[in-house]
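>>> just the structure for this:
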Amino acid sequence: MSVSPASPLSRPIEVGRLPRGRAEVSVEASPEECAALARDFGIPEVRDLVGRFVITGMLSRLTVTGTVEATVTQVCTVTLEPFESEVREPVEVVYSDAPPPEEPEEGTVEGAPEPPDPIVNGRIDLGTLTAEFLALGLDPYPRKPGVSFEVPAAGPETGPFDVLRRLRDGDA
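Have a look, this model is predicted:
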């Protein structure tokens, strides 16, 4: 479930045209874009996809915060029935025009902050960001509400060699 570089949802924003200090931007996907994302993610349907973002910082380093919300139809991994669910994923991403470090520094601790995403040719793509966070918000093993997976109870003779044992004992 990854978004390709040529995402079906693209809203490039020129950072040089953003108001200084703070900007609010909404990304609303069209029905065609939602259908393309559903195909990309391998789910039956995506509806009402909206990303609401607040962009703060300087032109060389921006912080984008907000939420991505959508209604999705997924297939239950237990019953194989389609069902609708709501996705609401918080967003916090830092963008920078500085070149990324070549290799991680020695002694980097797991859980350390990720390096900033790049500002490419003076632009950031809030459509791709919306699609990426929608993908993060999808349950990889969706279950229809109220459905639980029950492990079948194992009987006393359900081992892999039971058939051989019964043949040996003459029970078969």
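
>>> restrict the worst-scoring helix or strand of the chain on mean pLDDT to CA atoms and write it as PDB.
For the chain, using mean pLDDT, DSSP states H and E, the weakest element among its helices and strands is helix 162-169, scoring a mean of 78. Listed in PDB are the C-alpha atoms of helix 162-169, where the atom choice follows Å, rounded to 0.1, in the frame of the first residue of the first chain:
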ATOM      1  CA  ASP A 162      -2.700 -38.600  13.600                       C
ATOM      2  CA  VAL A 163      -3.400 -40.200  10.300                       C
ATOM      3  CA  LEU A 164      -0.300 -42.300  10.500                       C
ATOM      4  CA  ARG A 165      -1.000 -43.200  14.100                       C
ATOM      5  CA  ARG A 166      -4.500 -44.300  13.200                       C
ATOM      6  CA  LEU A 167      -3.100 -46.400  10.300                       C
ATOM      7  CA  ARG A 168      -0.600 -48.000  12.600                       C
ATOM      8  CA  ASP A 169      -3.200 -48.800  15.200                       C
END
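
>>> how about it: buried residues?
Neighbour counts over helix 162-169 (16 or more other Cβ atoms under 10 Å) mark no residue as buried. All C-beta atoms are positioned from the backbone trio N, CA, C, and that covers glycine.

>>> can you report how many residues lie near residue 79?
When counting by other Cβ atoms under 10 Å, one arrives at 12 neighbours for residue 79.

>>> hmm, residue 144 and it touching each other?
Yes: using Cβ atoms under 8 Å, residue 79 and residue 144 qualify as a contacting pair, with a distance of 5.9 Å.

>>> so how far is the least confident helix or strand of the chain off the chain centroid?
The gap between where helix 162-169 is centred and where its chain is centred comes out at 50 Å by Cα atoms, centre = their mean, to the nearest Å.
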